[in-house]
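S.K.: sequence and predicted structure below; questions after.
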Amino acid sequence: MAGWVEACGVDDVEEEDVIRFDHGGRTFAIYRSPDDEFFATDGYCTHEKAHLADGLVMDDIIECPKHNGRFNYKTGAAKGAPVCVNLATYPVKVEAGKVMIQIG
Amino acid sequence: MATVKTKRDYSLVGESTRIAIETGLASAEWYHTDVPRKTMKELMQRSDMPAIRDTLIWIAAILGSAAGGIWFWSSWWCVPFFCVYGVLYGSSSDSRWHECGHGTAFRTRWMNDVVYQIASFMLMRNPVTWRWSHARHHTDTIIVGRDAEIAVMRPPDLLRAALAFTGVLDFRYSLPTLVRNAFGKLSPDEKSFVPEMEQHKAVIAARWQIAIYLAAIALALCLWSFLPLVLIGLPRLYGSWHMVLTGLLQHIGLADNVTDHRLNTRTVYMNPISRFIYWNMNYHVEHHVFPMVPYHALPKLHELIKHDLPEPNPSMWHAYREVWPVLIKQLQYEDYFLERELPPTARPYRDEFHALTVPAAAE
């Protein structure tokens, strides 16, 4: 079973923002919510291959930079066309100022 | 390098489609101007206020001009009112459809959705299929065989382009399409860009629109007056000229089958009235490179990245004068296109675009 992986430092992500994290040939998106919680999802939009880390975080929503498809980054739920397939999410914890994600 | 010329096949399920997929033109990575993340975040920020203000002005102008048209219905004085009403209904609805379809006009999602549905109805556009066709337009802008929204195909049909200003052709296409969708039929092209799980929504949306049009026809018959149809439906004919005037300039005469919006898209400076009707989509290169930026922030984005873009046309007149000889030449050499010069401050176009296109263009 895959374990926890250090993705970034807590200060690497601004509040209500997202950064890209690449690991093991895969790409992830690490979010910091307006209430200072961290979340992680797959890095690519499920509609087309666009990095969500270039998108816009608004409250619980990440909007894809390519076609403005929206997901709830906390649950991965697709919020309507042009995204129809939910986003995979990953458990996150913060330890000693580091954001760790569990990659399955 | 010798190039094998084949006639363009604009079907979305044909030979050009196959070539676009095989050569990697479909769903390709596109050129982006470098903008620091912090700046881009500021530009992407959503706000309800600009769009609420503009929408209130828009609705007031629509209702005001409609009221004037109704009041003076039995005299020629109704004409200027319907001229204004027609443009607001048949042209400015296109930019509202567009911005709200992107979800960038308002911050609040339902506001985007409501205006999107209303504007789709005004345009006789199926809100479902057009949402997907526009997503494809952004993925594969002016990629032949992939882009469902290429307004002027090559070789250009100039009569068709001229007739577009009357709205007749679009009307003739849009209404039968809605009827076909309402009967549960999507064309192979539509099926190529609307996912199967969404196709039933296109049918439902078409049925709602047709029901409203039938109600307008019934009202016209009851009143034995054209007035209901002059207010609902026909503005798509007599008021769409401004949409065509501004919209045609987006890509006409420029390169196709490239993955750099600086080569296939045009920014044109326009007067404030046209910019209100068009919701700043005259900054079209900027919009395509960064579709996340709301219409009200496009002038700021333009100032920020114009060093990396071809110089904008200073007016619509200038743009049409520039494109006319290109269209004439395309009648004989459909591979010919207008390559826009970049300023010295811009990152150059990638070489492979030139290798693909310049030999044909030099004929």
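M.R.: Structure's in. What do you need?

S.K.: give me the number of residues near residue 10?
M.R.: Since you didn't name a chain, this refers to chain A. For A:Val10, the count of nearby residues is 14 (other C-beta atoms under 10 Å in any protein chain shown). The C-beta positions use only the backbone N, C-alpha and C, and glycine is treated the same way.

S.K.: if you could check chain B rather than the one you did, that'd help
M.R.: 17.

S.K.: with A:Gly76 instead?
M.R.: Per other C-beta under 10 Å, the neighbour tally for A:Gly76 reads 18.

S.K.: could you look up the SS state of it?
M.R.: Counting by DSSP: H, G, I helix; E, B strand; the rest coil, the backbone at A:Gly76 sits in coil.

S.K.: give me the pLDDT for it.
M.R.: Looking at A:Gly76, its pLDDT is 97.

S.K.: correct me, but it touches A:Val83?
M.R.: No. In this structure A:Gly76 lies outside contact range of A:Val83 using C-beta atoms under 8 Å: 10.7 Å.

S.K.: you'd agree A:Glu6 is in a strand?
M.R.: Yes. Assigned with three-state DSSP, A:Glu6 falls within a strand.

S.K.: wait, isn't it in contact with A:Ala96?
M.R.: No. A:Glu6 lies out of contact with A:Ala96 (C-beta under 8 Å); the separation is 9.8 Å.

S.K.: and these two? which has more neighbours close in?
M.R.: A:Glu6 (13 against 8).

S.K.: now that one. Nearest residue, chain neighbours left out?
M.R.: The shortest distance from A:Glu6 to any non-neighbouring residue, by C-beta to C-beta, 6 or more residues apart in numbering or on different chains, is to A:Lys98 (5.1 Å).

S.K.: phi and psi next, for that neighbour.
M.R.: Per-residue torsions, A:Lys98: phi -110, psi 140 (degrees, to the nearest 10).

S.K.: so B:Arg146 makes contact with B:Ala20?
M.R.: Yes. Contact criterion C-beta under 8 Å: B:Arg146 and B:Ala20 qualify, at 5.0 Å.

S.K.: between these two, which one's more packed in?
M.R.: Remark: of B:Arg146 and B:Ala20, B:Arg146 carries more neighbours, 26 against 21, as counted by other C-beta under 10 Å.

S.K.: ok, now which ones touch the more buried one?
M.R.: Going by C-beta atoms under 8 Å, 6 or more residues apart in numbering or on different chains, B:Arg146 touches B:Leu12, B:Ser16, B:Thr17, B:Ala20, B:Leu25, B:Ala26, B:Arg136, B:Thr139, B:Asp140.

S.K.: would you mind measuring from it to B:Met292?
M.R.: Distance, B:Arg146 to B:Met292, using C-beta to C-beta, to the nearest Å: 22 Å.

S.K.: residues contacting the residue of the stretch 201-350 of chain B found nearest chain A?
M.R.: Closest contact between the stretch 201-350 of chain B and chain A, by C-beta to the nearest C-beta, is at B:Met292 (5.2 Å). Taking C-beta under 8 Å, 6+ apart, we find B:Met292 in contact with A:Gly55, A:Leu56, A:Glu63, A:Pro65, A:Asn68, B:Met40, B:Met44, B:Thr104.
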